[in-house]
Structures are given as structure tokens and as C-alpha cells.
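Engineer: model this:
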Amino acid sequence: MITPDQRSMIINTFHSLTMLNFSPVLECVSQSEFFVLMAVDKLSSYSEKNTGKVSSIAEILHVSSPAISRTLTSLENKGYAVRCVDVQNRRNTGVKLTKEGMAVLHKECENVNGVFGEVAESMGAEKIRLLITLADEMMNSFSVALANRKSNA
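Structural biologist: The predicted model follows:
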């Protein structure tokens, strides 16, 4: 059994990780734009139309659709993304990256990966492997516990 202090430390640690600010290493986009670019790229690779839906981007990033739309407008204004209306269902709007958007995403990923490389080097490979294993185990345990709570409600 963990103590209340340990529980508080775990919560604070995970909260701190979610609040990491990568803005100092991003050169062309804001942090929210970077995450949207990554989500669009990920979703595009799964889609036969090479687009991601706004609702799917919002779901992946745990952000509201209007917030995603605002960020997409900014990315469109910079020439990094375009929205495409689905001709079969006009309520579905797809998003894809332009060539410029792909280039910026690649560059920014290199910048962020550089920071992760420094952290991994500082901590060492074994600690990183252990961290990943324990974080995965904890996330799975949280998923089960939350699903149990939901089904009992």
C-alpha cells in the first residue's frame, strides 16, 4: 500500500510531465501546433484519403474540436495544413499536411528528439527502459481501475 505522500508525489510527477513546455526548442510552430501536426501526420498514415478528421485529432490530443479548429486555422495560415471536405459526407472535414507542413514537422521532431536524447543520455538506457516499463504498467493499471469504477457506477 502506498502512503498519501507517495500518492501525492505520483500525481504531481505525472501532472508535471503533462505540463512540459517544448516551446524553447520549437522554431516554427507553437507547442499546440506541433502536437496537432503530429496528430494529423499519424492519422493521415492510417487513412486511405491521407487525411485526419478534426474530431479524431481532438480525441487523440484530449482537446475540444473548437480548439483544434483554431489551431488548424493557424496552421493553414502558415501554409502547413489544408482542410478537405469529404464529398460523400460534407459534415466530415479531413485535414492533411502540405509539403511545407511535413518539412516543418520533421524539423521540429528533430529538435524535440534532441532534447529527449539529452535526457536519455543523462539518465542512462537502463533507467529509461525501466521508466517506460513502469509507466506502461501504471497506465494499464489505471485503465483497468477506471474501467472498473465506470462499470460499477
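
Engineer: Summarise which helices and strands whichever helix in the chain runs longest is packed against.
Structural biologist: If you go by DSSP state H, the chain has its longest helix at helix 125-152. Taking 3 or more Cβ pairs under 8 Å, 6 or more residues apart in numbering; DSSP states H and E as contact, there are no helices or strands that helix 125-152 lies on. Placement of C-beta: from N, CA and C, glycine included.

Engineer: how far does the lowest-mean-pLDDT helix or strand in the chain sit from the chain's center?
Structural biologist: Each helix and strand of the chain was given a mean pLDDT (mean pLDDT, DSSP states H and E); the minimum falls on strand 52-53 at a mean of 80. Mean-position distance between strand 52-53 and its chain equals 14 Å (Cα atoms, centre = their mean, to the nearest Å).

Engineer: Could you pull out the buried residues of the very next helix or strand once past that strand?
Structural biologist: Going down the chain from strand 52-53, the next helix or strand is helix 54-61, by DSSP states H and E. By neighbour count on 16 or more other Cβ atoms under 10 Å, the buried set for helix 54-61 is V54, S56, I57, A58, I60, L61.
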